[in-house]
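Undergrad: no FASTA, just this:
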């Protein structure tokens, strides 16, 4: 359940951006918030469609783009995996299973301020920084055993 303060923040972000918080965008955001892990667009589509049968796959892609643009979600892009979406926009690190594509957040790991370190050591104006951490999840390890 989304609290009143959070609903107000969502409405304010939409108002400032010039976009409208449509029922389809709301269904996509709620599907993301209720999901486990970091779902793909197709997984978001299936969850959103169960909430709002009028939601189409193209609408989900458009909604995800808008939600990312206004800072309500982050898109996680790995080279060998579909884009995954995350409602946690606070700085954190994720780990992806190279076999089943499961994605989880890594709790309690602080790898320092990459962007500041890069700014101090290069002439680049860093706009974002991310670290790709991959491994084999426990479920896939069990299958090997």
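TA: That came through, no problem. Computed from a prediction, not measured in an experiment: that's the story for all the values here.
Undergrad: looking at the protein, which helix or strand is least sure?
TA: helix 114-121 (a mean of 82; mean pLDDT, DSSP states H and E).
Undergrad: by contact count, what packs against the helix or strand following that one?
TA: Of the helices and strands lying after helix 114-121 in sequence (DSSP states H and E), the nearest is strand 133-135. In terms of contacts (3 or more C-beta pairs under 8 Å, 6 or more residues apart in numbering; DSSP states H and E), strand 133-135 is packed against strand 93-97. (C-beta placed from N, C-alpha, C; glycine too.)
Undergrad: how far does the strand it packs on sit from the chain's center?
TA: Mean-position distance between strand 93-97 and its chain equals 12 Å (C-alpha atoms, centre = their mean, to the nearest Å).
Undergrad: coming back round to it: buried stuff in the least confident helix or strand of the chain?
TA: When burial is assessed from 16 or more other C-beta atoms under 10 Å, helix 114-121 yields no buried residues.
Undergrad: please apply the same query to stretch 97-115.
TA: 97, 101-103.
Undergrad: domain ranges for this protein?
TA: 4-84, 91-144 (automatic domain parsing).
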